[in-house]
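Peer 1: Build me a model:
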Amino acid sequence: MIEVHALTKRYGDRAAVDRLSFAVRPGRVTGFLGPNGAGKSTTMRLILGLDTPSAGSAWIGGRLYRDLSAPLCAVGSLLDAKGVHGGRSARAHLAGLAASNGLPRRRVDEVLELVGLDPATAARRTKGFSLGMGQRLGIASALLGDPEVLMLDEPVNGLDTEGIRWIRNLMRSLAAEGRTVFLSSHLMSELELTAEHLIIIGRGRLLADTPMREFIDRHSGQGTLVRSPEAERLRAVLEEAGARVSADARGGWLARGPSAEAIGELARAHDLALSELTPRRSSLEEVYTAMVASATEYRGATDEPEEPSRERSDTP
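Peer 2: Numbers count the residues shown, from 1 in each chain. The predicted model follows:
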């Protein structure tokens, strides 16, 4: 379990993370969302002890990261897939991590197989790896200690369709085993399929801590996708009945206001043939985008807050 209490990180007079509190519980995948510049990466670094908080605390399994006796066996993380020495092979990189953490050498072969890096690829120097191969190596590193907690920043970045499906199934299976899985992603459609719970921040502050389905249902605009051979007449009838009608990107009209049943009755009363009548719920991306757009203070954010320069730290 990850627990964050009044976590704050300031750079001068600017707060990158501002009195942030939440808990990431075991047994489910928790998605971490926020606009660019919201403080997601900073929050993850603070949890992992890579940055020192200005105030507050972050605990993993009831302890600060620095107090964990076997960090790699307690928490696996992926914050930067490029944080690997390019002159080493994937196998050598994992073997070094295993040796320094007292893990058996066989574990290297197990995670290489798990993430789909074959022996020939594992023997190559990582500087020649594609983005997707680097991501797989980063995930292998995170899984090496068979940890109870996983923290992954953009884990599907660079993966193909098969790889994305694989990481989705892997995260859900690990959560089903009772592990704590915390991941951020800009790929909303995939996060909607993977996560059961959401933590959303903006300007370093908590905006939502909620189950995925509850968040979407609460913020969805109710609508019905409706098609007819007499499209313009259908639109006129709907608008006369008080519906808000807009063109749907897939064709037909998206009608908001009347229920699907009411639209069906309306079409029958006006002798209109319908070829489709489908209640439509907003996607996570639509709900999230509308939520962020409605908050003026988050408009125009383009980049993660610039932080003072520092030497690279190895991801735990």
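Peer 1: So what touches the lowest-mean-pLDDT helix or strand in the chain?
Peer 2: Within the chain, no helix or strand scores below helix 284-293, which has a mean of 81 by mean pLDDT, DSSP states H and E. Applying C-beta atoms under 8 Å, 6 or more residues apart in numbering, the set of residues contacting helix 284-293 from outside is 33, 35, 188-189, 191-192, 200, 202, 207, 212, 215-216, 219-220, 282, 298-299. For every residue, glycine as well, the C-beta is placed using N, CA and C.
Peer 1: Tell me the buried residues within those residues.
Peer 2: If you count burial by 16 or more other C-beta atoms under 10 Å, the buried members of the contacts of helix 284-293 come out as 33, 35, 188, 191-192, 200, 202, 207, 212, 215-216, 219-220, 282, 298.
Peer 1: nearest residue to Phe32 other than its sequence neighbours?
Peer 2: Take Phe32 and drop its neighbours on the chain: the residue closest to it by C-beta to C-beta, 6 or more residues apart in numbering is Ser184, 4.1 Å away.
Peer 1: For that neighbour, what are phi and psi?
Peer 2: Dihedral angles of Ser184 (phi, psi; degrees, to the nearest 10) stand at phi -110, psi 150.
Peer 1: burial measure for it, as a count.
Peer 2: 22 (other C-beta atoms under 10 Å).
Peer 1: now stretch 282-290: how far from the chain's centre is it?
Peer 2: Computed by C-alpha atoms, centre = their mean, to the nearest Å, the separation of stretch 282-290 from the middle of its chain amounts to 14 Å.
Peer 1: Over to stretch 24-35?
Peer 2: Distance of stretch 24-35 from its chain centroid, counting by C-alpha atoms, centre = their mean, is 7 Å.
Peer 1: residue ranges for the helices of the stretch 101-250 of the chain, please.
Peer 2: Here the stretch 101-250 of the chain has its helices, by DSSP state H, counting those that start in this stretch, at 106-115, 119-122, 131-143, 161-176, 188-194, 212-219, 231-240.
Peer 1: Out of those helices, which is closest to Ser77?
Peer 2: Among those, helix 131-143 comes nearest to Ser77, with 5.7 Å by C-beta to C-beta.
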